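Undergrad: Sequence and predicted structure are below.
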2 protein chains.
Amino acid sequence: MGKPPHTSYHSDPRVDALVDETIGRVADKWTLLVLEALEEAGEQRFSAIGRAVPGISQKMLTQTLRQMEREGLVTRTVHAEVPPRVEYRLTDLGHDLAEAFCGVWHWAERNIEKIEAARAAFDARK
Amino acid sequence: MGKPPHTSYHSDPRVDALVDETIGRVADKWTLLVLEALEEAGEQRFSAIGRAVPGISQKMLTQTLRQMEREGLVTRTVHAEVPPRVEYRLTDLGHDLAEAFCGVWHWAERNIEKIEAARAAFDARK
DNA sequence: GCCAATACTCTCCAATGGGAAGTAGGCACC
DNA sequence: GGTGCCTACTTCCCATTGGAGAGTATTGGC
């Protein structure tokens, strides 16, 4: 659909496309988890974020942080020391996004049991 | 981090892990976009969803819908007709998730310009 | 001189995703 | 009565992505 009339506040397909594209870049697992970690702990250094997001590889952490920096979600501050220290902090934009995702986080918390049940049922049926 | 004391309502690492895992399965580009499409248009058939989510391949649409069905986000109704007709509809759980993501959608709408500006600045700098 | 610490960066391999073609199954048309 | 046609998949092949793990740059401390 090019999105039907419906009760939307806009219907500009270019805006829709842009929003979709933005969502596509922002709504992936690692971005969301890193966002969460930074929102909870404030300014953090590279390796601390890595510990806060279990399962992420260094490569993906670097990549995710770079992308987030590019989108204006985090700032990156390099301290010229040895050993090196690089700190990441959410921008206002990043903070707003974290708050927007907060609802999803709560949804997940609230519904873990329902989801597990749905999966068990689905797996049993198939 | 095992998540510091902080003002959280829980601190059970197993719950955290489960939530992370759930987020990981639910927070991907295609799931979010399909969720959006179904939330906007109500019950929809396979190919209509495909048209509503520009860029998705049939394979990913099938896969995403199956996974969403498994998580209990959508119901799948097959009408034994020719040509076949399969309709997908959000469950209450799926509807709640769509509402939770609503904030993200609005955030994207509100901040497209800031994001574009941040990207332009980043690309110019580097 | 050598090691430790940190934030990457690179290389190799496995998994994922897109594109296009194939499948099932019954009805309409010639 | 064979030939398409319609729709929701499914399969195959190939390019891209992601993970594991090793390598790199820097410099103060032993």
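TA: Thanks, I have the structure now.

Undergrad: in what helix or strand does the one residue sitting closest to the centre of chain A lie?
TA: Closest residue to the average C-alpha location of chain A: A:L32 at 2.0 Å, with Cα atoms, centre = their mean. Under the criterion of DSSP states H and E, A:L32 resides in helix A:29-41.

Undergrad: is any part of that helix close to chain B?
TA: Yes - judged by Cβ under 8 Å from any Cβ of the partner chain, helix A:29-41 and chain B are in contact via A:29, A:32-33, A:37, A:40-41. Any C-beta I mention is one placed from the backbone N, CA and C, and that applies to glycine too.

Undergrad: among the residues you listed, which two are most distant?
TA: A:K29 and A:A41 (18.8 Å; Cβ to Cβ).

Undergrad: State the number of residues packed around the closest residue to A:E43 other than its chain neighbours.
TA: Spatial nearest neighbour of A:E43, chain neighbours left out: A:R89 (4.3 Å); criterion: Cβ to Cβ, 6 or more residues apart in numbering or on different chains. Applying other Cβ atoms under 10 Å in any protein chain shown, we find 14 residues neighbouring A:R89.

Undergrad: ok, now the one 5 residues further on?
TA: A:G94 is flanked by 23 other residues according to other Cβ under 10 Å.

Undergrad: If we ignore the residues flanking it in sequence, what's nearest it?
TA: Closest residue to A:G94 apart from its sequence neighbours, by Cβ to Cβ, 6+ apart: A:L73 at 3.6 Å.

Undergrad: follow-up on the earlier one: can you tell me which residues contact the residue nearest to the centre of chain A?
TA: When contacts are counted by Cβ atoms under 8 Å, 6 or more residues apart in numbering or on different chains, A:L32 touches A:101, A:104, B:23, B:27.

Undergrad: what's the closest of the residues you listed to DNA strand C?
TA: Lowest distance from DNA strand C to the contacts of A:L32 (Cβ to the nearest atom of the strand) belongs to B:A27, with 12.1 Å.

Undergrad: hmm, back to that, may I ask which of the residues of helix A:29-41 next to chain B has the most neighbours?
TA: A:L32 leads those on contacts (other Cβ under 10 Å) with 25 neighbours.

Undergrad: Show me the shaky parts of chain A.
TA: Counting by pLDDT under 70, chain A shows low-confidence ranges at A:1-11.

Undergrad: Which stretches in it count as strands?
TA: For chain A, strands defined by DSSP state E occupy the ranges A:44-45, A:74-79, A:85-90.

Undergrad: export these to JSON lines and tack on distance to DNA strand C?
TA: Compiled in JSON lines, those are given as follows (distance: least, Cβ to the nearest atom of the strand, whole Å):
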{"stretch": "strand A:44-45", "distance to DNA strand C": "4"}
{"stretch": "strand A:74-79", "distance to DNA strand C": "7"}
{"stretch": "strand A:85-90", "distance to DNA strand C": "4"}
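
Undergrad: So is the longest helix belonging to chain A next to DNA strand D?
TA: The longest helix of chain A (DSSP state H) is helix A:92-125. No - on the criterion Cβ under 7 Å from any atom of the strand, helix A:92-125 is out of touch with DNA strand D, staying 14.2 Å away.

Undergrad: Stretch A:49-63 now?
TA: Yes - against DNA strand D, stretch A:49-63 shows contacts by Cβ under 7 Å from any atom of the strand at A:55-60, A:63.

Undergrad: In helices only, show me the residues you listed.
TA: Among the residues of stretch A:49-63 next to DNA strand D, the members falling in helices (DSSP H) are A:58-60, A:63.

Undergrad: Please spell out the ChimeraX selection for the buried subset of the residues you listed.
TA: Restricted to buried positions by 16 or more other Cβ atoms under 10 Å in any protein chain shown, the ChimeraX selection for these reads:
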select /A:60
